[in-house]
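Trainee: Quick check, what structure comes out for this input:
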Amino acid sequence: MFGKNKEKRFVKAYSQGTLEGCEIWVDTETGVNYFYKYSGYSGGLTVLLDAQGKPVVTPVDERESLLKNND
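Mentor: Sure thing, here's the model as predicted:
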């Protein structure tokens, strides 16, 4: 069910901070970016939007690079 060869669905593209910070996660299937803000034991996740209010989508070639860098 959970094979070792299966690619990761979500990969971390950016990280800042330790006990309080933020991260950007990329869905490798759709390319949609998510913003995760955390502080201590709490946090929140939302779709990352561009200036027009549309979801930020990472191109396929950049997703492949993220997968390679997160192994």
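Trainee: quick one, helices of the protein?
Mentor: With DSSP state H as the criterion, the chain has helices at 60-69.
Trainee: So, low pLDDT: which residues of it?
Mentor: Applying pLDDT under 70 to the chain flags the ranges 1-6, 71.
Trainee: Strands of that one, start to end?
Mentor: Under the criterion DSSP state E, the chain contains strands at 10-17, 20-27, 33-39, 42-47.
Trainee: which strands and helices sit next to the first one?
Mentor: Right, strand 10-17. The contact analysis (3 or more Cβ pairs under 8 Å, 6 or more residues apart in numbering; DSSP states H and E) places strand 10-17 against strand 20-27, strand 33-39, helix 60-69. C-beta coordinates here come from the backbone N, C-alpha and C atoms, glycine included.
Trainee: which residues touch the last one?
Mentor: Counting by Cβ atoms under 8 Å, 6 or more residues apart in numbering, the neighbours of helix 60-69 from elsewhere in the structure are Glu7, Lys8, Val11, Ala13, Val26, Thr28, Gly31, Thr58.
Trainee: are any of the residues you listed buried, and which?
Mentor: Those of the contacts of helix 60-69 that meet the buried threshold are Val11, Ala13, Val26, Thr28, Thr58, by 16 or more other Cβ atoms under 10 Å.
Trainee: Looking at those residues, which is nearest Val47?
Mentor: Using Cβ to Cβ, Val26 comes nearest to Val47 of the buried ones among the contacts of helix 60-69, at 11.6 Å.
Trainee: That closest one and Thr58 touch, don't they?
Mentor: Yes - checked against Cβ atoms under 8 Å, the pair Val26 and Thr58 is within contact range at 5.0 Å.
Trainee: intersection of neighbour lists for these two?
Mentor: Common neighbours of Val26 and Thr58 (Cβ under 8 Å, 6+ apart) are Ala13, Asn33, Leu66.
Trainee: related to what we said a few turns ago, let me have the contacts of helix 60-69 in TSV, adding distance to Thr46 as columns.
Mentor: Compiled in TSV, the contacts of helix 60-69 are given as follows (distance: Cβ to Cβ, whole Å):
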residue	distance to Thr46
Glu7	24
Lys8	20
Val11	18
Ala13	15
Val26	14
Thr28	19
Gly31	16
Thr58	16
